[in-house]
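Undergrad: sequence-free structure coming up:
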């Protein structure tokens, strides 16, 4: 790589004389010669840099606050789902004015026990011509669940809406809504089925 050399004082005088006689290509064009300035020396009085992270000793508890949960809560995500059924019927259903034609209680079952029972129940209800069924999951107990599911929420309560959106149940289900308080509240779901 070729290093640029600076002009000596006598060369700079010649350059200025040539630059004065030159006609600029653009009317606003100017020739600037920047004098070489010496680099400032670092001072010793600068304050030491503060660490980006607070000091931490091994075995000490974390002082950070838990991060924000950016996923919407289960009731919020169900309420935000687009309305697939008749609005008048949906209003009656959410107010508890419609009574479910059948119900299944998954409360107390494990996930591996509940999934096949739910599939069997929903598909049988649809083939029998039922439209509104109730699935009872229970609310779950605080501190019982571990893993990615929040501890305040039961595993079945979290998993049932997921199962109802996936095959083989997805094509049979028209709408999923949290049940009215008289049918179980947040521990149960209304499932509105499609006609066969």
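TA: Noted; the coordinates are in hand. For clarity, every value in this text was computed on a predicted model and none was experimentally measured.

Undergrad: Spatially nearest residue to residue 185 (excluding sequence neighbours)?
TA: residue 179 (6.2 Å; CB to CB, 6 or more residues apart in numbering). In short, each C-beta sits where N, CA and C put it, glycine included.

Undergrad: is it true that the one you found touches residue 160?
TA: No - Residue 179 lies out of contact with residue 160 (CB atoms under 8 Å); the separation is 11.7 Å.

Undergrad: shared neighbours, those two?
TA: Taking CB atoms under 8 Å, 6 or more residues apart in numbering as the criterion, residue 179 and residue 160 both touch residue 189.

Undergrad: Going by neighbour count, which residues in the helix or strand of the chain with the lowest mean pLDDT are buried?
TA: When the helices and strands of the chain are scored by mean pLDDT, DSSP states H and E, helix 74-80 comes last with a mean of 81. If you call a residue buried by 16 or more other CB atoms under 10 Å, then helix 74-80 has these buried ones: residue 74.

Undergrad: how far is that helix from where the chain is centred?
TA: Centre-to-centre, helix 74-80 and its host chain are 14 Å apart (CA atoms, centre = their mean, to the nearest Å).

Undergrad: what ranges do the strands span in the protein?
TA: Along the chain, counting by DSSP state E, strands occupy 102-105, 132-136, 173-178, 188-193.

Undergrad: how about the ones you listed in TSV, adding mean neighbour count, distance to residue 117 and mean pLDDT?
TA: Conversion of the strands of the chain to TSV gives the following (neighbours: other CB atoms under 10 Å; distance: least, CB to CB, whole Å; pLDDT from 0 to 100):
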stretch	mean neighbour count	distance to residue 117	mean pLDDT
strand 102-105	17	7	96
strand 132-136	21	10	96
strand 173-178	19	16	94
strand 188-193	24	14	95
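
Undergrad: Looking at these, which is nearest to residue 90?
TA: Minimum separation from residue 90 across these (CB to CB) falls at strand 173-178, 6.8 Å.

Undergrad: what angle separates that closest one from strand 188-193?
TA: Counting by axes from the mean of the first three to the mean of the last three CA atoms, to 10 degrees, strand 173-178 lies at 160 degrees to strand 188-193.

Undergrad: what lines up beside strand 173-178 in the sheet?
TA: strand 188-193 (antiparallel) (DSSP bridges).

Undergrad: Done for today, thanks.
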